[in-house]
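> 3D, please:
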Amino acid sequence: GFPRTLGQAEALDRICELDLVISLNIPFETLKDRLSARWVHPASGRVYNMDFNPPQVQGVDDLTGEPLVQREDDKPEAVAARLRKYKDAAKPVIELYKSRGILHSFSGTETNKIWPYVYTLLSSKIPPILSDKEN
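This next block holds a predicted model:
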C-alpha cells in the first residue's frame with residue numbers, strides 16, 4: 001500500500017487532499033504464508049503462488065519450462081522481517097489518517113470476503129458513471 005511511511009504521507013499531502021484511506025488488516029501469519037509461497041519466472045516476471053496459483057509443473061514456468069526462483073525477500077525469514085518493519089513504519093501513518101477521520105479499516109484473510117465491504121464503501125463515496133444512453 002501507499003503511503004507506507006509518514007514522510008510519504010506528508011509528500012502526498014503536498015500534491016493532493018485525501019478524503020478516504022483504506023487499511024486492510026490481515027493476520028501476520030497469513031501475509032507471511034502468502035508472500036513466502038510466491039515464486040517468479042525472472043525473464044518474464046510471471047508470478048506464481050504455490051497455494052492458489054501454482055505452475056502446472058512444480059518449479060518451472062508454464063510457458064517456457066524454465067526454472068522459477070524465489071526472491072530473497074520472499075523467503076520466510078525475510079518476509080517476517082519486512083512485515084515487522086512495515087508495521088512499525090505504517091503505525092504513524094494509520095494514526096494520522098485515523099485522526100483526520102478518513103481511515104476505514106477492514107479485517108480478514110480472504111479477498112472475496114473483504115472485497116464486498118470495500119466495494120460498498122467505495123460505491124457510497126464515488127458517484128456512478130452513467131453511459132450516454134442513461135444521460
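> ranges for the strands of the chain?
Counting by DSSP state E, one finds strands in the chain at the ranges 21-25, 38-40, 47-49, 103-107.
> Pick the most buried one from those strands.
With neighbours defined as mean count of other CB atoms under 10 Å, the strands of the chain peak in mean count at strand 38-40, which reaches a mean of 19. The C-beta positions use only the backbone N, C-alpha and C, and glycine is treated the same way.
> before we move on, the earlier item: so which of the strands of the chain is nearest Val79?
Across the strands of the chain, the minimum distance to Val79, taken as CB to CB, is reached by strand 38-40, at 9.1 Å.
> Who are the packing partners of the closest one?
Helices and strands in packing contact with strand 38-40 are listed as strand 47-49; criterion 3 or more CB pairs under 8 Å, 6 or more residues apart in numbering; DSSP states H and E.
> out of the strands of the chain, which comes closest to Glu66?
So among the strands of the chain, strand 38-40 is nearest, using CB to CB, at 11.0 Å.
> So what touches stretch 90-103?
Outside of stretch 90-103, the residues that reach it under the criterion CB atoms under 8 Å, 6 or more residues apart in numbering are 1, 3-6, 8-9, 18-21, 23.
> okay, the longest helix along the chain in PDB with CA atoms only?
Across the chain, the helix with the greatest residue count (assigned by DSSP state H) is helix 76-99. Included here for helix 76-99 are C-alpha records, laid out as PDB according to Å, rounded to 0.1, in the frame of the first residue of the first chain:
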ATOM      1  CA  PRO A  76      10.000 -16.800   5.200                       C
ATOM      2  CA  GLU A  77      12.700 -15.200   7.400                       C
ATOM      3  CA  ALA A  78      13.000 -12.100   5.100                       C
ATOM      4  CA  VAL A  79       9.200 -11.800   4.900                       C
ATOM      5  CA  ALA A  80       8.800 -11.800   8.700                       C
ATOM      6  CA  ALA A  81      11.400  -9.000   9.000                       C
ATOM      7  CA  ARG A  82       9.800  -7.000   6.200                       C
ATOM      8  CA  LEU A  83       6.400  -7.300   7.900                       C
ATOM      9  CA  ARG A  84       7.700  -6.200  11.300                       C
ATOM     10  CA  LYS A  85       9.500  -3.200   9.700                       C
ATOM     11  CA  TYR A  86       6.300  -2.300   7.700                       C
ATOM     12  CA  LYS A  87       4.100  -2.400  10.800                       C
ATOM     13  CA  ASP A  88       6.500  -0.100  12.700                       C
ATOM     14  CA  ALA A  89       6.700   2.400   9.800                       C
ATOM     15  CA  ALA A  90       2.900   2.300   9.000                       C
ATOM     16  CA  LYS A  91       1.700   2.800  12.500                       C
ATOM     17  CA  PRO A  92       2.100   6.600  12.500                       C
ATOM     18  CA  VAL A  93       0.500   6.800   9.000                       C
ATOM     19  CA  ILE A  94      -2.500   4.800  10.200                       C
ATOM     20  CA  GLU A  95      -2.800   7.100  13.300                       C
ATOM     21  CA  LEU A  96      -2.600  10.200  11.000                       C
ATOM     22  CA  TYR A  97      -5.500   9.200   8.800                       C
ATOM     23  CA  LYS A  98      -7.500   7.900  11.800                       C
ATOM     24  CA  SER A  99      -7.100  11.400  13.500                       C
END
